[in-house]
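# coords below, sequence missing:
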């Protein structure tokens, strides 16, 4: 997991050139994890003014390739980005509102990095997505009359 939240230092340590769009993208993702590219672009424009959507996509791709960001793709959703990398955490996704939250490594009888048959792979990461309904959506649903559910 990255504990260094200084985007300039992160970019340099990854061998990437430090640019205003790269710093702004890293700041945006750190500020609002699990954002999609459009939301990241809006946050970057708030900080820098005019930045093309393609430039934001390019920065997201470069930072993901360098291991500074993690791209997750919950089924039926746009790709989301987060700055929490390298710690094998997983996600909870609300089926109603799409909220995504982090959950630490799965606990239970089978460790999450030990598949029943690795088929010769050297496993270094497991991606688990738990689906359900968040508390806010459940509360809203329970407060709704039956004919509106």
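Good, I have the coordinates. Predicted, not measured: the structure shown is a model, and the values here were computed from it.

# Could you check what's spatially nearest to residue 70, not counting adjacent residues?
residue 85 (4.8 Å; C-beta to C-beta, 6 or more residues apart in numbering). In this view, the C-beta of every residue, glycine as well, is placed from N, C-alpha and C.

# how close does the one you found sit to residue 56?
Remark: distance between residue 85 and residue 56 (C-beta to C-beta, to the nearest Å) = 19 Å.

# Helix, strand or coil: sort out residue 130 for me.
Secondary structure, DSSP: H, G, I helix; E, B strand; the rest coil: residue 130 is strand.

# who's in contact with it?
Contact analysis of residue 130 by C-beta atoms under 8 Å, 6 or more residues apart in numbering lists 90, 91, 92, 93, 103.

# What pLDDT does the model give it?
Predicted confidence (pLDDT) for residue 130: 87.

# got it, and residue 101?
We note a pLDDT of 93 for residue 101 in this prediction.

# just use 3 as the starting number from now, easier for me
With the count now opening at 3, the last piece we talked about shows up as residue 103.

# My guess is it contacts residue 86. True?
No - counting by C-beta atoms under 8 Å, residue 86 is not a contact partner of residue 103; they are 11.3 Å apart.

# Looking at residue 87 and residue 58 now, which is surrounded by more residues?
Neighbour count, other C-beta atoms under 10 Å: between residue 87 and residue 58, residue 58 has more, with 22 against 16.

# Which residue, other than its chain neighbours, is closest to that one?
residue 43 is the one closest to residue 58 (C-beta to C-beta, 6+ apart), at 4.2 Å.

# how about the contacts of residue 132 in a markdown table, adding distance to residue 53, secondary structure and neighbour count?
Output for those, formatted as a markdown table (distance: C-beta to C-beta, whole Å; DSSP: H, G, I helix; E, B strand; the rest coil; neighbours: other C-beta atoms under 10 Å):
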| residue | distance to residue 53 | secondary structure | neighbour count |
| --- | --- | --- | --- |
| 92 | 32 | strand | 17 |
| 93 | 28 | strand | 18 |
| 94 | 31 | strand | 16 |
| 95 | 28 | strand | 21 |
| 105 | 32 | strand | 13 |
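
# now, which of the residues you listed sits nearest residue 125?
The shortest approach to residue 125 among those belongs to residue 92, at 14.5 Å (C-beta to C-beta).

# Give me the nearest residue to that closest one, chain neighbours excluded.
Counting by C-beta to C-beta, 6+ apart, residue 92 lies nearest to residue 130, which is 4.0 Å off, once chain neighbours are set aside.
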